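Trainee: Build the 3D model from these lines:
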Amino acid sequence: MCDRDGLFYEKFSRRSLLKTGMAGAAAITVPASLGALLSPARAAETTIRATHGTGFCNLGIFLSEARGMTLEDGVELEFVVTPSNAEITTMFGAGLVDMSMIPYSNFMTLYDAGAPVKIIAGGGVEGCIMIGSDGMKSAEDLRGKTVGTFQADTLEVLPYDYLRAAGMSFRDVDVRYMNTSPELAQAFIAGALDAICHIEPYATQCLKSREGAVVLSDGTDVYSPGYADCVLAARTPLLESNPAAVKAVIKSLMKAQFEAENNMQAALEDTVGKYYKTTMEAAEDAASKQPVVVDQRDQTDFIINRGRSMQEPRLHREHARQERLRLELPGRGDLREC
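Mentor: Just a heads-up that it's a prediction; the model follows:
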């Protein structure tokens, strides 16, 4: 579904995504008419179904749901749990949910596939962390080593850009793709991978659980402080049919960001255990590395520019797939003819 024609980098339109950004900006701007929505809590008139990830970029939407922040506007936020990261994108793209807190890279893949989706707000910034095993100090130390990540994810984009900055590419490493965040962390901790790129709180868990593990990059050295990670996207039909409900969700995220910034301890008490399967100590450390930022309009150019950083990893995956088929089907000639 996500690889409609393989021409994403030829068709990717800066103007189209800027329109998406403007849609998010329009949603974030609070008009005078929104004052009518600020009445005391009432029974939910609308239920919005949403997927979410597992990283701290989801703290805002987790806090919104945990504290019922949308209920005062007659909106109920209902989470749909998905077994893997890939299924989050699949469900959202197929229209099985109304909203999704997803990496910007996954949104771009859906956008290219023609899915009627738009970015309406930000989720979290920074927090993509490359971790190496004992003795690693630079990109050169990754040459020939196994690197774990996810396909078409911001956690794939950062390793690519990190290697490219050092004059290397994915052809210089053995990239291994995992299905879930816990699986990726466990593989590194068990020594099955030499390096990984992960989000919080898993990155902190990996650092503390594997002796000698080191941070190779936290993304700020490759990009700049405050770089985007996750965004909140909505289905276009929902935006057109019920914009007030969408504004209610965005308002709740802004309120959640404010409350987290002013009392992180309370925010963690409401989310650790229920949403984050980690210790409070690890969560406190992780939360400082991946803050909630709802207004990410200043990251529009950054997200657009990452489109090119998604091209080579995709081609690399396709080359690896064809190579596996060639080994499995000897004597079949050019696989493109199969």
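
Trainee: Which residues are in contact with residue 149?
Mentor: By Cβ atoms under 8 Å, 6 or more residues apart in numbering, the contact set of residue 149 is 155, 156, 159, 175, 176, 177, 178, 184, 196, 197. C-beta: built from backbone N, CA, C; applies to glycine.

Trainee: again, only using 10 Å
Mentor: Contact criterion Cβ atoms under 10 Å, 6 or more residues apart in numbering gives 128, 130, 155-160, 170, 175-178, 184, 193, 195-198, 313 as the residues in contact with residue 149.

Trainee: what about the residue nearest to residue 189 when sequence neighbours are not counted, how many neighbours?
Mentor: In this structure, residue 189 finds its nearest non-sequential neighbour in residue 209, 4.6 Å apart by Cβ to Cβ, 6 or more residues apart in numbering. Burial of residue 209, expressed as a neighbour count using other Cβ atoms under 10 Å, amounts to 14.

Trainee: gap between residue 209 and residue 182?
Mentor: With distances defined as Cβ to Cβ, to the nearest Å, the gap from residue 209 to residue 182 amounts to 12 Å.

Trainee: How about residue 268?
Mentor: From residue 268 over to residue 182 the distance is 19 Å, taken as Cβ to Cβ.

Trainee: Find me the pLDDT at the residue nearest the centre of the chain, would you?
Mentor: Centre of the chain computed as the mean C-alpha position; nearest residue by Cα atoms, centre = their mean is residue 103, 2.3 Å away. Predicted confidence (pLDDT) for residue 103: 93.

Trainee: higher neighbour count, residue 268 and residue 182?
Mentor: Shown here are residue 268 and residue 182; by other Cβ under 10 Å, residue 268 has more neighbours (21 against 13).

Trainee: Which parts of the stretch 51-200 of the chain are strands?
Mentor: 75-79, 99-103, 117-125, 129-132, 146-149, 174-177, 195-198 (DSSP state E, counting those that start in this stretch).

Trainee: that older thread, neighbours of the nearest residue to the residue nearest to the centre of the chain once chain neighbours are set aside, just the number please.
Mentor: Leaving aside its sequence neighbours, residue 103 sits nearest to residue 154 (Cβ to Cβ, 6+ apart; 4.2 Å). The local packing of residue 154 (other Cβ under 10 Å) involves 28 other residues.

Trainee: same question, residue 121
Mentor: A count of neighbours around residue 121, defined by other Cβ under 10 Å, yields 27.

Trainee: Counting by contacts, list what whichever strand or helix holds residue 48 packs against.
Mentor: The secondary structure element spanning residue 48 is strand 46-51 (assigned by DSSP states H and E). Under the contact definition 3 or more Cβ pairs under 10 Å, 6 or more residues apart in numbering; DSSP states H and E, strand 46-51 sits against helix 59-66, strand 75-79, helix 85-93, strand 99-103, strand 228-235, helix 236-241, helix 243-262.

Trainee: Can you name the element that comes right after the longest one?
Mentor: Using DSSP H and E, the helix or strand that follows helix 243-262 towards the C-terminus is helix 264-271.

Trainee: what comes up buried for that next one?
Mentor: By neighbour count with 16 or more other Cβ atoms under 10 Å, helix 264-271 contains the buried residues 264, 267, 268, 270, 271.
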